[in-house]
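> below: sequence and its predicted model.
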Amino acid sequence: MSHDKNEINHSNDDKGTRRLEGLIEDLDLAQRKALEHKDKTDEPLEPLVPWVIELRVIGTPNIIRVPLGKRLMLGRDDVKKDIYPDIDLSSYNAQSLGVSRKHARLKMQDNRLTIEDLNSANGTYVNGRRVDIIPTRIRDGDQIRFGNLALQVHFVIQPHSDEDTLHGFEENLDIPRIGSGQRLLVVDDNKEVCAVVRMIATKAGFQVFVSHTMQDALSLIDTGNIDGIFVELMLEENNGLDVVDYVRQHTSNRIPIVATTSGAGGYREGQALAKGVDILIEKPLSVDSIMEALGRFN
């Protein structure tokens, strides 16, 4: 993929400023939504854990991006009964597949993800085993089934790389300040991933800019004010390696580039490194893997 410099409009600084402000506003909204998500019980609100999860509907190309939160109910919307689960599965033929209105609950706490059935009519299953009243732990790659609706769990971000480590994550998380104001560009179409990475990087002493599209990423790179790039290789509409190509061809300074991907594999890793990626991180990301990557920008 090639990009003609003439395709990028630099003549209207106000337009570019508004676009950047819009991106930051979108990200702030995602962060506020995450922080304001409160448990509907009377229990005290526990520290927010920066989980980002995707549920892949087995047998289809559909991916459900799970919102940030401590506890999330899954089921089907029912306007007449005023039932609105956090994750509405109605669009996936849920009713005919036996999904209850209030079917199950995910709980994300410390470095553990669990699921419990909410007395559903057709049961909740993890890797074929029925979940009872005791919450069952879920790991990356597990298959969960609500009635006959099967989903695969994919961790995008989990608190700690060691899944058996309990790691509290609060808004005032004690992250060491390793940066000195370096300008970091995060390129990812998943806003919740961007929210977590930006929160960690900002606390670590970096100035963070975010782009959800290729065009905005290239516009920010063209300002010449970016000191490092954190890019997802598998964007919805583009290949993240195109960003790497553009940087290596159009910037005189060698900007450090960290790339993230799911299931890198030898071929993709070799391709990314050949294009000029300095370090490739396979998802799920974690606080410690993000901090290790940020160390490359010093």
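On my side now, so go ahead.

> and the residue positioned nearest the centre of the chain, what element?
The structure's the chain has its C-alpha centroid closest to Val193; by C-alpha atoms, centre = their mean the separation is 2.9 Å. Using DSSP states H and E, Val193 sits in helix 191-203.

> I'd like to know which elements that helix is packed against.
With contacts defined as 3 or more C-beta pairs under 8 Å, 6 or more residues apart in numbering; DSSP states H and E, helix 191-203 has these neighbours: helix 13-36, strand 52-57, strand 149-157, strand 183-187, strand 207-211, strand 228-232, helix 287-294. In short, each C-beta sits where N, CA and C put it, glycine included.

> now do the third one: distance to the chain's middle.
Meaning strand 149-157. On the basis of C-alpha atoms, centre = their mean, to the nearest Å, strand 149-157 sits 13 Å off its chain's mean C-alpha point.

> against which helices or strands is it packed?
Strand 149-157 makes packing contacts with strand 52-57, strand 143-146, helix 191-203 when contacts are defined by 3+ C-beta pairs under 8 Å, 6+ apart.

> dump it to PDB, keeping only the CA atoms.
Listed next in PDB are the C-alpha coordinates belonging to strand 149-157 (Å, rounded to 0.1, in the frame of the first residue of the first chain):
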ATOM      1  CA  LEU A 149     -24.900 -20.400  21.200                       C
ATOM      2  CA  ALA A 150     -21.200 -21.100  21.200                       C
ATOM      3  CA  LEU A 151     -18.500 -18.400  21.600                       C
ATOM      4  CA  GLN A 152     -14.700 -18.500  22.000                       C
ATOM      5  CA  VAL A 153     -13.000 -16.200  24.500                       C
ATOM      6  CA  HIS A 154     -10.000 -14.200  23.400                       C
ATOM      7  CA  PHE A 155      -8.000 -12.100  25.800                       C
ATOM      8  CA  VAL A 156      -6.800  -8.900  24.300                       C
ATOM      9  CA  ILE A 157      -5.500  -7.300  27.500                       C
END
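
> in it, what's buried?
Within strand 149-157, the residues that count as buried by 16 or more other C-beta atoms under 10 Å are 149, 151, 153-157.

> and Leu106, what does it touch?
53, 66, 71-72, 74, 87, 113-115, 138 (C-beta atoms under 8 Å, 6 or more residues apart in numbering).

> next, the buried residues of stretch 287-297.
Using 16+ other C-beta under 10 Å as the test for burial, stretch 287-297 gives 287, 289-291, 293-294, 297.

> using PDB, write out every CA atom in that stretch.
Output of stretch 287-297 as PDB, limited to C-alpha atoms (Å, rounded to 0.1, in the frame of the first residue of the first chain):
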ATOM      1  CA  VAL A 287       0.600  -4.200  32.300                       C
ATOM      2  CA  ASP A 288       4.100  -5.700  32.500                       C
ATOM      3  CA  SER A 289       4.400  -6.400  28.800                       C
ATOM      4  CA  ILE A 290       3.200  -2.900  27.900                       C
ATOM      5  CA  MET A 291       5.700  -1.400  30.400                       C
ATOM      6  CA  GLU A 292       8.500  -3.600  28.900                       C
ATOM      7  CA  ALA A 293       7.600  -2.200  25.400                       C
ATOM      8  CA  LEU A 294       7.500   1.400  26.700                       C
ATOM      9  CA  GLY A 295      11.100   0.900  27.800                       C
ATOM     10  CA  ARG A 296      12.100   0.800  24.100                       C
ATOM     11  CA  PHE A 297      11.100   4.500  23.800                       C
END
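
> now the buried residues of stretch 287-297 in a markdown table, with distance to Ser100 and pLDDT?
Output for the buried residues of stretch 287-297, formatted as a markdown table (distance: C-beta to C-beta, whole Å; pLDDT from 0 to 100):
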| residue | distance to Ser100 | pLDDT |
| --- | --- | --- |
| Val287 | 35 | 84 |
| Ser289 | 37 | 88 |
| Ile290 | 37 | 90 |
| Met291 | 41 | 91 |
| Ala293 | 41 | 91 |
| Leu294 | 43 | 92 |
| Phe297 | 48 | 84 |
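
> report the two of these separated the most.
Val287 and Phe297 (16.3 Å; C-beta to C-beta).

> burial of Asp278, as a residue count?
18 (other C-beta atoms under 10 Å).

> tell me how far it lies from Ile229.
Relative to Ile229, Asp278 is positioned 9 Å away (criterion: C-beta to C-beta, to the nearest Å).
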